[in-house]
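Asker: Pasted the sequence and its predicted model underneath.
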Amino acid sequence: MIRLFFFIPLLVYTSLICADPMANETGPELDLSRLKPEDEVKKNDPALTQGPDLWGIALTFRTAEIPFAAEEDTVSDVVPLLFYEDGRFFWRGLEAGYNFAEYERWSMAVMGRYRYFDIPAEFQNEIRGNAYDLGFRYRYKASPELNADFELMNDTEGRIHANAKANFHWDSGDWDLMPYATLRWKSSEFNNHYYGLGIDQPGSEFDMTIGGTVRYHVYQNFYLLGRASLTMFGPDTYRTSVVDTPNQTELYLGIAFFDDKRETKPQFLKSKPYIRVAHGKATPSNLGTIIRGDKESDPYGNRLTSTFYGVPLSDTLFGINMPIYFTPGFVWHHSSEVQGSFPEYVVAIKAYYTIKWPTNWRVGVAEGLSYSTEITYIEQTEMDEKDYRASNLLNFLDFSIDIDLGDLFNSKAMEDLWLGYSIHHRSGIFETSSAFGRIKGGSNYTTFYLQYHW
């Protein structure tokens, strides 16, 4: 039944990430020659920053058919997605990369992609199986609407697969429709591992996926997203003892906030880039307790120091003065008597709202991804209590409040310098996502920071 339900909207959708909405869309092209007169003035204003080609954040619900012999037929995930593209760098959902060569109709990129391994949810915390693929992509732009992609990818263990894709983008008013087709070649090592499960050896083989994504512009920055796909396995794959279907279906539905489709590109922004340096301590308290101001202290005094860089995306959200930033961060966890020192990497999108009473205050919230190279003591303790296998990759939230020191002290020397307090939060979104190890809980650190805009 689920196959029939997916196939009906199949040609009405396209690209999420190996599952992401818009991973195959090329994004808007900037034509500086078509700027409005007022935009031409902004372009020459050194106080303004040129905005990115594309930005967005989405929350989607993914349902996929389990291709293996199991009591459950489907598995579901909550999937938060980030989108940012500027120049040669792109981050689209669970796909990111850099175009190192571009020439008229073709480009070449080094890239990475997150890939799901669909097994029953009850086994995902222990078995995992979701993978990171790295490789190269050659893209040929046959027309403004049609791209042809050729990819050579391998997972972190060197198992190779290759993709040949055709991506079409149709744009009309508030609708974006992006159908696609992919022919994938899987090496013997890749197919034996991910589809033979170490039990059977189907060997190298092809499979084919057809599908598409639809994006509907509802109002200003608010959008609806959807994606459906059907993957057809080769006979050697679906005739193994562990695969019990010749096809696998997949569906995504979600909401998103993107740059307003009605705006001309590029945008010239008043918001300035920033650098933020923070330092703080861990707490065993949960997020709600911290916000209520009743947090406990970590008896071992585990600490972190972080640096975040803010890239302006927009001055407004829904017409409200609410600057939006793309903010990658580097976090250093200091050693203590219960853990060693190690790094954590963060990428997020953050919004700020300013309150001008009696001086300038801001509240901020960020959503993103956090990858910690080791599991912190405070996090491992909670995982042990709940009998979870910890996950290095987790959802990231940052809540902050800060004050404009230049305005507070009426000081030119402190202009654009903010002093703030923030909560650094990692969690698995209540067991809703296999990308985060299907766990509940995580860790919290409270920090003080200085943030400078220039």
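Answerer: Cool, got the structure.
Asker: quick one: the helices in the stretch 301-450 of the chain?
Answerer: Remark: helices assigned in the stretch 301-450 of the chain by DSSP state H, counting those that start in this stretch are 377-386, 405-408.
Asker: Where does residue 193 fall, secondary structure wise?
Answerer: Residue 193 belongs to helix 188-194 when assigned by DSSP states H and E.
Asker: Residues touching that helix, excluding its own?
Answerer: 117, 129, 131, 155, 157-161, 186, 198, 200-205, 237 (CB atoms under 8 Å, 6 or more residues apart in numbering). Any C-beta I mention is one placed from the backbone N, CA and C, and that applies to glycine too.
Asker: hmm, back to that, let's have the helices of the stretch 301-450 of the chain in TSV, adding mean neighbour count, mean pLDDT and distance to residue 225.
Answerer: Output for the helices of the stretch 301-450 of the chain, formatted as TSV (neighbours: other CB atoms under 10 Å; pLDDT from 0 to 100; distance: least, CB to CB, whole Å):
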stretch	mean neighbour count	mean pLDDT	distance to residue 225
helix 377-386	16	94	31
helix 405-408	18	95	39
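Asker: Among these, which comes closest to residue 396?
Answerer: Comparing the helices of the stretch 301-450 of the chain by their distance to residue 396 (CB to CB), the top pick is helix 377-386, with 12.8 Å.
Asker: now the closest one: how far from the chain's centre is it?
Answerer: 25 Å (CA atoms, centre = their mean, to the nearest Å).
Asker: helices or strands up against that helix?
Answerer: strand 274-283, strand 442-453 (3 or more CB pairs under 8 Å, 6 or more residues apart in numbering; DSSP states H and E).
Asker: switch to 10 Å and redo it
Answerer: strand 274-283, strand 417-427, strand 442-453 (3 or more CB pairs under 10 Å, 6 or more residues apart in numbering; DSSP states H and E).
Asker: Nearest approach to residue 113 belongs to which of these?
Answerer: It's strand 417-427; of the helices and strands packed on helix 377-386, that one is closest to residue 113 (CB to CB) at 22.5 Å.
Asker: Taking strand 274-283 as reference, get the angle to the closest one.
Answerer: Angle, strand 417-427 to strand 274-283, by axes from the mean of the first three to the mean of the last three CA atoms, to 10 degrees: 50 degrees.
Asker: Break down the stretch 251-400 of the chain into its strands, ranges please.
Answerer: In the stretch 251-400 of the chain, the strands defined using DSSP state E, counting those that start in this stretch lie at 268-269, 274-283, 303-317, 320-333, 342-356, 360-372, 393-404.
Asker: would a markdown table of the ones you listed with mean pLDDT, distance to residue 107 and mean neighbour count be doable?
Answerer: Below are the strands of the stretch 251-400 of the chain laid out as a markdown table (pLDDT from 0 to 100; distance: least, CB to CB, whole Å; neighbours: other CB atoms under 10 Å):
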| stretch | mean pLDDT | distance to residue 107 | mean neighbour count |
| --- | --- | --- | --- |
| strand 268-269 | 92 | 26 | 19 |
| strand 274-283 | 98 | 31 | 19 |
| strand 303-317 | 97 | 22 | 20 |
| strand 320-333 | 97 | 22 | 19 |
| strand 342-356 | 97 | 23 | 17 |
| strand 360-372 | 97 | 26 | 19 |
| strand 393-404 | 97 | 28 | 21 |
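Asker: Is it correct that residue 277 is in contact with residue 419?
Answerer: No: the pair residue 277 / residue 419 is not scored as a contact, 11.3 Å apart, by CB atoms under 10 Å.
Asker: Now list whatever residues contact both of the two.
Answerer: Contact criterion CB atoms under 10 Å, 6 or more residues apart in numbering; residues bridging residue 277 and residue 419 by contacting each: 448, 449, 450, 451.
Asker: Which residue ranges make up each domain of this protein?
Answerer: The chain breaks down by automatic domain parsing into domains covering 2-258, 270-453.
Asker: Mean pLDDT lowest where, among these?
Answerer: Lowest mean pLDDT within these: domain 2-258, at a mean of 86.
Asker: For burial, what's the neighbour tally of residue 189?
Answerer: By the criterion of other CB atoms under 10 Å, residue 189 has 17 neighbours.
Asker: how far away is it from residue 421?
Answerer: 50 Å (CB to CB, to the nearest Å).
Asker: Over to residue 62?
Answerer: Separation of residue 62 from residue 421 (CB to CB): 35 Å.
Asker: before we move on, the earlier item: Serialize the helices and strands packed on helix 377-386 to CSV and add fields for distance to residue 294.
Answerer: Output for the helices and strands packed on helix 377-386, formatted as CSV (distance: least, CB to CB, whole Å):
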stretch, distance to residue 294
strand 274-283, 10
strand 417-427, 13
strand 442-453, 12
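Asker: Residue 112: which of the ones you listed is closest?
Answerer: Between the helices and strands packed on helix 377-386, strand 417-427 lies closest to residue 112; by CB to CB that is 20.8 Å.
Asker: chain center to that closest one: distance?
Answerer: With CA atoms, centre = their mean, you get 20 Å for strand 417-427.
Asker: State the paired neighbours of that strand in the sheet, together with their directions.
Answerer: strand 393-404 (antiparallel), strand 442-453 (antiparallel) (DSSP bridges).
Asker: buried ones in it?
Answerer: The neighbour-count criterion (16 or more other CB atoms under 10 Å) identifies 417, 418, 420, 422, 423, 424, 425, 426, 427 as the buried residues of strand 417-427.
Asker: How many neighbouring residues does residue 47 have?
Answerer: By other CB under 10 Å, neighbour count at residue 47 equals 8.
Asker: Grab the nearest non-local neighbour of it.
Answerer: residue 270 (7.6 Å; CB to CB, 6 or more residues apart in numbering).
Asker: That neighbour against residue 323, yeah?
Answerer: Yes: using CB under 10 Å, residue 270 is in contact with residue 323, at 8.1 Å.
Asker: Now do the shared contacts for those two.
Answerer: With CB under 10 Å, 6+ apart as the test, residue 270 and residue 323 both reach 312, 315, 316.
Asker: The first one and residue 272 touch, don't they?
Answerer: Yes: shown here, residue 312 and residue 272 form a contact pair, counting by CB under 10 Å, at 6.8 Å.
Asker: Give me the common contacts of the two.
Answerer: If you check residue 312 and residue 272 against CB under 10 Å, 6+ apart, the residues they both contact are 48, 49, 323, 325, 453.
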